[in-house]
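**Q** my questions concern the predicted model and sequence given below.
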Amino acid sequence: MFTLALVLLVQAPSPPVSTYSIVARDPETGQLGVAVQSHWFSVGSVVTWAEAGVGAVATQSFAREAYGPELLEDLRAGMAPKEALDKRVGADEGRDVRQVAAVDARGGVDAWTGKGCIPAAGHVVGEGFSVQANIMLDAGVVPAMAAGYRQAKGDFAERLLAALEAAQRAGGDARGMQSAALLIVDGRKREQAWRGVLVDLRVEDHARPLEELRRLLNVHRAYAAANAGDERLAAGDAEGALAEYTRADALYAEQVELSYWRAVGLVQQGADEGFELLRRVFARDPAWLGMAPRLAAAGQLPDDPELLARIAALAPAAGVRAMVARADPARIERDIRTLAGFGTRHSLSSTSDRKRGIGAARNWLQEELERISAEHHGGRLQVELAAHQVGKGARVPDGAEIVNVVATLPGSDPGRLVVLSGHYDSMCSNVMDSQCDAPGANDDASGTAVVLEAARLLGGLEPRATLVFMAVAGEEQGLLGSRAQAEQWKKEGKEVAAMFTMDIVGGATGSNGRLEPWRLRVFSEGVPAAGKVTGSDNDAPSRQLARYLRRAGETAVPGFAITLIFRQDRYLRGGDHKPFNELGWPAVRLTEPNENYAQQHQNVRVENGTQYGDLPEFVDFAFVSRVSAAVAAAAGELGLAPPAPATRMDTRRLSPHTRLSWEPCAGAAGYAVLLRRTHEPDWTQRRDVGEATEITLEGFSKDDWLFALEAYDAAGHRSLPVYPTPQN
């Protein structure tokens, strides 16, 4: 058997597509279809053939693909399936390793299984259908598939898929699963054959192809409903269009695009419902904000400035995004070159020299923040030098006074802080050498420049939370400045709702030779707050903050990819977010994607033709401006948003549904539930629940799904998502 197969493959190459499939005609609609699953890449490109009003064919085992077009040609000419198969199979010298089935538009059907097909192999021909399989786990697969089709409910596509699922439940392909396909055509002949294709779905390579095929079928139905809505809208049937659009939303709730086009259609018809729907679309996915001007430019929306302005105003946090769009690379370059020009900013360097050392740097930072306060905040920024005495340690053998430069923008909630931080100290190769030149342009004048630029960008903001723009010292000596500041706030009873540290965000070409000017890494720890999280360290507060930053930052800076790294920090390194994490506060580190170690913690020198040292010429100032806009967008929105709601999940009884409840938040206009499956790293669904303070999510088991809740204000500013506390 196998010798014959190999000989045939040598003589006339045939794909060894061993599989199981079904061909059938729907007696109610006349539709013709073929469905297939296999442990073979792209099975649909080989096995499935169909033509409207003519028939459907499955060709498999050591498949002769020519059977597809040849048998359709014979059926088109009026041959019955048996006559056509007798003709084509009889002329095929490789028929012993072939498996093929065909059904015609009258419901006639026939199949062939060669004696050389790999067992278990066989077929069952029923009324208007044939199921066939080879290399199955056992002989029960084929009859199980036939029974599955006969017993299935629903439309034709549903019954074809049910047959495949029945085969898999019976054992399926002995090798496992890889790809699947579903092809359905109309029972009526069309002048252009392609017009008769009703469903054409393929899963080329997937661990669970039938699950994916079912998902794609649901997506197909959703888009079909959306298309029907468009047709009804064009015909002037707004009510019918709305019904179809609503059906599309229900079928594929996680895909915001369907809602967007529904909204645009309603806006074009002058329906006010379209604007409310756009508001909900933008709340779910702000990436659609930029689509309206493109549509207007293409003539798909009226090029009406008032209309476009009305649409833009529907966006959540639109004001913050407009503010951060002003990030200025030239201004950032000036800041970085100024800081690098102090020679060294080692924490133990001179504090009295007016031109060189840590003292000169902090004096300039204080003056610059005071200038920013006057020019951008109407004097509302409160700037101070926050001095902290630290004891003796490995990197401060005599102890030291560590001075942070802190600018505070008071909010209506003074005890809730949103902190942006960079460290302004620097070092050479020897961490104890306080005299050598250490320009520290990337590490970390770049992060400090982001803090300054964010303070400028958010000028005029009147936040709920208090915003803190902070440049800390002592980072290279052991995170001394950030630790002292965090501990002080803890003693004062402050709550740090979010802390962003920007450390090495200069966008350098890495030691690996790679340059990625449109990507940023964000590191977040996964230690949940005690008693707050069950089952997933990926829902720790810092992880939620990282996700929040990606959403807000990527929306504010289109094309900027923020990569979430689920680690606290890089190996052998540490950042100023760590002391905040240790006190239970959400804090993350922002870092460029590719670091160059010849430019970090190095004495400035040329060695073997290589320039060492952390110099301004290695900084991409446009990259730093993108970081500034992204983090300012997140911090600004958090500063304006209500506090995160205290949320509970009812775990007191077994249920296939999930009940969440929460306490009302001051300033909240509504709440939204975020959902994702347990294996997914980021939220995939968002459900606005309005002003409710509880919800039961029907059909969403707390065993299979993860949830979070966020509050939002009237302008759409969203709080940090909160993972619910189990209510036992």
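**A** Ah, there it is. Numbering: from 1, shown residues only.

**Q** element containing Ala454?
**A** With elements taken from DSSP states H and E, the one containing Ala454 is helix 447-457.

**Q** right, and the helix or strand after that helix?
**A** strand 465-472.

**Q** who are the packing partners of that next one?
**A** Judged by 3 or more Cβ pairs under 8 Å, 6 or more residues apart in numbering; DSSP states H and E, the packing partners of strand 465-472 are helix 358-376, strand 400-409, strand 413-423, helix 447-457, helix 480-491, helix 621-640. In short, each C-beta sits where N, CA and C put it, glycine included.

**Q** point out the most buried one among these.
**A** Between these, helix 447-457 has the highest mean count of neighbours, a mean of 29, where neighbours are mean count of other Cβ atoms under 10 Å.

**Q** orientation of it relative to helix 358-376 in degrees?
**A** Our comparison of helix 447-457 with helix 358-376, counting by axes from the mean of the first three to the mean of the last three Cα atoms, to 10 degrees, yields an angle of 20 degrees.

**Q** thinking again about what came up before, quick one: closest of the helices and strands packed on strand 465-472 to Asp173.
**A** When those are compared for distance to Asp173 using Cβ to Cβ, the nearest one is helix 621-640, at 46.8 Å.

**Q** give me the contacts around whatever helix or strand comes next after that closest one.
**A** Using DSSP H and E, the helix or strand that follows helix 621-640 in sequence is strand 647-650. Outside of strand 647-650, the residues that reach it under the criterion Cβ atoms under 8 Å, 6 or more residues apart in numbering are 658-662, 702, 707-709, 722-727.

**Q** highest neighbour count among these?
**A** Greatest neighbour count in the contacts of strand 647-650, by other Cβ atoms under 10 Å, goes to Pro724: 27 neighbours.

**Q** quick one: residues contacting that one.
**A** Thr647, Arg648, Met649, Leu660, Trp662, Phe707, Ala708, Leu709.

**Q** could you redo the last one with a cut-off of 7 Å?
**A** Counting by Cβ atoms under 7 Å, 6 or more residues apart in numbering, Pro724 makes contact with Thr647, Arg648, Met649, Leu660, Phe707, Leu709.

**Q** domains in the protein, by residue range?
**A** Following the assignment in automatic domain parsing, the chain carries domains at 2-207, 222-315, 322-640, 647-727.

**Q** so for stretch 198-210, mean pLDDT?
**A** Average pLDDT, stretch 198-210: 96.

**Q** other residues contacting it?
**A** With Cβ under 7 Å, 6+ apart as the contact definition, stretch 198-210 has outside contacts at 31, 37, 41-42, 44, 157, 164-165, 168, 177-186, 212-213, 216-217, 220.

**Q** now those: which count as buried?
**A** The neighbour-count test (16 or more other Cβ atoms under 10 Å) applied to those identifies 31, 37, 42, 44, 157, 164-165, 168, 177-186, 212-213, 216-217, 220 as buried.

**Q** now do the contacts for the residue nearest to Val43 when sequence neighbours are not counted.
**A** Residue nearest to Val43 in three dimensions, not counting chain neighbours: Ser179, with 4.4 Å by Cβ to Cβ, 6 or more residues apart in numbering. Contact partners of Ser179, counting by Cβ under 7 Å, 6+ apart, are Ser38, Trp40, Phe41, Ser42, Val43, Gly44, Val203, Glu204, Asp205, His206, Pro209.

**Q** so which of these comes closest to Val468?
**A** Among the contacts of Ser179, His206 lies closest to Val468 (Cβ to Cβ), at 47.3 Å.

**Q** give me the three-state assignment for that closest one.
**A** Of the three states, His206 takes coil under DSSP: H, G, I helix; E, B strand; the rest coil.

**Q** phi, psi for it please.
**A** Backbone torsions for His206, taken as degrees, to the nearest 10, come to phi -160, psi 150.

**Q** which one of the contacts of Ser179 has the most neighbours?
**A** Neighbour counts for the contacts of Ser179 (other Cβ under 10 Å) peak at Ser38, which has 29 neighbours.

**Q** let me see the contact set for that residue.
**A** Applying Cβ under 7 Å, 6+ apart, one finds that Ser38 lies in contact with Val17, Ser18, Thr19, Asp173, Gln178, Ser179.

**Q** minimum pLDDT in those, which residue is that?
**A** Comparing pLDDT over those, the lowest score belongs to Val17 (73).

**Q** for that residue, give the beta-bridge partners.
**A** Under DSSP bridges, the beta-bridge partners of Val17 are Ser61.

**Q** hmm, it is touching His39, no?
**A** No: at 9.7 Å, Val17 does not count as touching His39 under the criterion of Cβ atoms under 7 Å.

**Q** between these two, which has more neighbouring residues?
**A** Neighbours per residue (other Cβ under 10 Å) separate Val17 from His39, with Val17 holding more: 25 against 18.

**Q** of the buried ones among the contacts of stretch 198-210, which belong to strands?
**A** Assigned to strands by DSSP state E, the following of these qualify: Gln37, Ser179, Ala180, Ala181, Leu182, Leu183, Ile184, Val185.

**Q** looking at these, spot the one nearest Gly575.
**A** Distance to Gly575, by Cβ to Cβ, is smallest for Ser179 among those, at 44.5 Å.
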